[in-house]
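Enquirer: Predicted coordinates and the sequence they were generated for:
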Amino acid sequence: MSTLQQNYVKTVRRLAEAAQRAQRPSESVHLVAVSKTFPAADIREVYAAGQRNFGENYIQEWFAKTEELADLPDIVWHLIGDVQSNKTRQVAERAHWVHTIGRLKTARRLSEQRPSEMPPLQVCIEVNIAGEAAKHGVPPDEAVALAVEVAKLPNIQVRGLMCVAEAGADEAALKKQFDTMRGLLADLNAAGVAADVLSMGMSGDMETAVSCGATHVRIGSAIFGRREYPQAI
């Protein structure tokens, strides 16, 4: 078993233990392996260990990987980065999930460009839970209204909400942010949108997220290792 595969197994175990502590079935927590900046060969290794859901941030990089990994028919692609208007067609034609809907305009384009023979695109509304200027998403008090409008579009299914917790927040602050997300999901259902997904938690806070009801946890460095970003020239 390779190092990547060992990391993957350890991560699956961590999530299962976190679910057990939260008195939740382990199958209620879905792992999205975040493979951005890592090569397709690494994805193949983790896929071989049993993982099927992979998250990517950068459309061009992800699209190239879909070509290279086209022989893996049951791989499930989750877009977890901002989707720019000029990239919506690629996403609509190849992605299974988009976790980062923050504008009705983007959702409309994805709906219009989704091929009719494909199942509906599964989407989450991105919530800027800590109100950070550098992060995408809508303020918490606008999330439900946006979700209701997006849910009216054809070829799209609103599944729930996504957030990136405040970097460096302590346990109490994380819990407060994640609990707010859980409350928003309840509000969304009360507004008539049948939603069951809370996409929240990463390598450093996955256990806290699971304790607060996360259903999809986005894990990168715990599986693939430290990311090396190219330096700007």
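Expert: The structure has been received and is ready for your questions.
Enquirer: Name the helix or strand for the closest residue to Leu72 other than its chain neighbours, please.
Expert: With Cβ to Cβ, 6 or more residues apart in numbering as the criterion, Leu72 has its nearest non-adjacent residue at 6.0 Å, and that residue is Tyr47. The C-beta positions use only the backbone N, C-alpha and C, and glycine is treated the same way. Tyr47 belongs to helix 40-48 when assigned by DSSP states H and E.
Enquirer: pull the CA atoms of that helix into PDB?
Expert: Coordinates of each C-alpha in helix 40-48 appear next as PDB, following Å, rounded to 0.1, in the frame of the first residue of the first chain:
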ATOM      1  CA  ALA A  40      -3.900  12.600 -12.100                       C
ATOM      2  CA  ALA A  41      -1.600   9.800 -11.100                       C
ATOM      3  CA  ASP A  42      -2.200  10.600  -7.400                       C
ATOM      4  CA  ILE A  43      -5.900  10.500  -7.900                       C
ATOM      5  CA  ARG A  44      -5.600   7.100  -9.500                       C
ATOM      6  CA  GLU A  45      -3.800   5.800  -6.400                       C
ATOM      7  CA  VAL A  46      -6.400   7.000  -4.000                       C
ATOM      8  CA  TYR A  47      -9.200   5.800  -6.400                       C
ATOM      9  CA  ALA A  48      -7.500   2.400  -6.300                       C
END
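Enquirer: which residues are contacting it?
Expert: Outside helix 40-48, the residues that touch it by Cβ atoms under 8 Å, 6 or more residues apart in numbering are 2, 4-5, 8, 33, 35, 54, 65, 68-69, 72, 75, 223-224.
Enquirer: ok so Gly81 is a strand residue?
Expert: No - Gly81: not assigned to a strand; according to DSSP: H, G, I helix; E, B strand; the rest coil it is coil.
Enquirer: Tell me which residues touch it, please.
Expert: Applying Cβ under 8 Å, 6+ apart, the residues contacting Gly81 are 36, 56-59, 100.
Enquirer: Over to Ser35?
Expert: Neighbour list for Ser35: 42-43, 46, 54-56, 65, 220, 224 [criterion: Cβ under 8 Å, 6+ apart].
Enquirer: ChimeraX command to pick out the buried ones of the contacts of Gly81?
Expert: To isolate the buried members of the contacts of Gly81 in ChimeraX, using 16 or more other Cβ atoms under 10 Å:
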select :36,56,57,59,100
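Enquirer: model confidence over stretch 81-89, on average?
Expert: Computed over stretch 81-89, the mean pLDDT rounds to 92.
Enquirer: The helix or strand where Glu142 lies - contacts with which helices or strands?
Expert: Taking DSSP H and E as the definition, one finds Glu142 inside helix 140-150. Other elements packing on helix 140-150 under the criterion 3 or more Cβ pairs under 8 Å, 6 or more residues apart in numbering; DSSP states H and E are helix 104-113, strand 121-127, strand 156-163, helix 171-190.
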